[in-house]
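J.: give me a model of this one.
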Amino acid sequence: MRVFTSLGEIDEAPDRGRVVAIGVFDGVHRGHQRILAETVESARSMGGLSTAVTFYPHPEAVLRPKPAPLMLTSLERKAELIEAMGVDELVVVKFDRAFAALSPEAFCRLVLSHRLGARQVLVGENFRFGHLGAGATADLRVYGATHDFDVRAVQLAEEGGETISSTRIRRLISAGQVAGAARLLGRPHRIEGVVVSGAGRGRALAAPTANLAVDVGTAIPRMGVYVTLSVLNGGKAHPSVTSVGTNPTFEVDKKIRIETLLLDHTGDVYGSRLAVDFLERIRDQRTFVDAESLAARIRRDVEIARGFWHAVTSEVCTKPVPGAGF
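T.: Got it, this is the predicted structure:
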């Protein structure tokens, strides 16, 4: 997949044209996946290029920065997930106040028609565009007729009678309902960062952890302990237990720490890139009377996590389709 980090980098509109999906696509959840899948299918049937157009930073962070939405995916992760959908091109549009001031007609003319040479544009049913969100899908169809592209408004995906949205997923994550968030995403919620040195207490507790430093503005689950799956440096995935919290037994600074105990890995991981997928919540954060009590609870958390993995493995082994699940 080719990635363009600005509109100015895009090649002249190809003769075969582009089928363009537009959206912020934060999380690349099941609703986004529906739009992207239809984009790829339509481009293949037309013999054109499938192109996803996204915006960075998040428009809400520019227009209503306090509070800015916490991000479900970094730009790099978003690109990985969109590429996995089979999309040919990703265009990252810098969203600033100048871009936000474009009228709906100017957006269609300058971006979709002149720059991209769109033959078809796919958006969600609730798509808004142009200055102050003045344009809706009906307006997009009018402009499309003028600028020679068709418009398809894709029906919004639902789960439990409610629309799947990035906002809904953020609410679930902030409540610690990571299994529910995974159902809407179509995969577990992931946070990524670099392993940094911590206080070093984990080894004394016989539970050496990897301390993760993540980007400011990342959507982090509610404080507590979770069953997770951790990927080191883009390689092997390791069953793990992850604590998100302030470490109240020892610390008083109230700083949120993300500490991951890899269940089948030993060795130094400082400086490594670590991706942590959140699968199931084990418990809330607690304060323990001493280190021994904390160590005992960590052993119990590990038992629960191993029980989770055993149940998942057993379920996979009984499935009729080899390789399904974890």
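J.: which positions in the helix or strand containing A138 come out as buried?
T.: Using DSSP states H and E, A138 maps to helix 137-147. The neighbour-count check on helix 137-147 (16 or more other CB atoms under 10 Å) flags T137, D139, L140, Y143, G144, H147 as buried. No exception for glycine: its C-beta is placed from N, CA and C like everyone else's.
J.: residues in contact with the nearest residue to the first one once chain neighbours are set aside?
T.: In space, not counting the residues next to it along the chain, T137 is nearest to A153; the distance is 4.4 Å by CB to CB, 6 or more residues apart in numbering. A153 makes contact with L122, V123, G124, E125, F127, T137 under the criterion CB atoms under 8 Å, 6 or more residues apart in numbering.
J.: so which of the residues you listed sit within helices?
T.: Under the assignment DSSP state H, those contribute T137 to helices.
J.: what segments of the stretch 101-250 of the chain are helices?
T.: 104-106, 137-147, 166-174, 178-185, 201-204 (DSSP state H, counting those that start in this stretch).
J.: out of those helices, the one nearest V62 is which?
T.: helix 166-174 (16.2 Å; CB to CB).
J.: list the buried residues for the lengthiest helix in the chain?
T.: The longest helix of the chain (DSSP H) is helix 291-318. Using 16+ other CB under 10 Å as the test for burial, helix 291-318 gives L294, A295, R297, I298, D301, V302, A305, F308, W309, V312.
J.: swap in stretch 164-175?
T.: Within stretch 164-175, judged by 16+ other CB under 10 Å, the buried ones are I164, S165, S166, R168, I169, R170, L172, I173.
J.: in JSON lines, list those along with pLDDT and distance to P59.
T.: Below are these laid out as JSON lines (pLDDT from 0 to 100; distance: CB to CB, whole Å):
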{"residue": "I164", "pLDDT": "98", "distance to P59": "19"}
{"residue": "S165", "pLDDT": "97", "distance to P59": "15"}
{"residue": "S166", "pLDDT": "97", "distance to P59": "12"}
{"residue": "R168", "pLDDT": "98", "distance to P59": "18"}
{"residue": "I169", "pLDDT": "98", "distance to P59": "17"}
{"residue": "R170", "pLDDT": "98", "distance to P59": "15"}
{"residue": "L172", "pLDDT": "98", "distance to P59": "22"}
{"residue": "I173", "pLDDT": "98", "distance to P59": "20"}
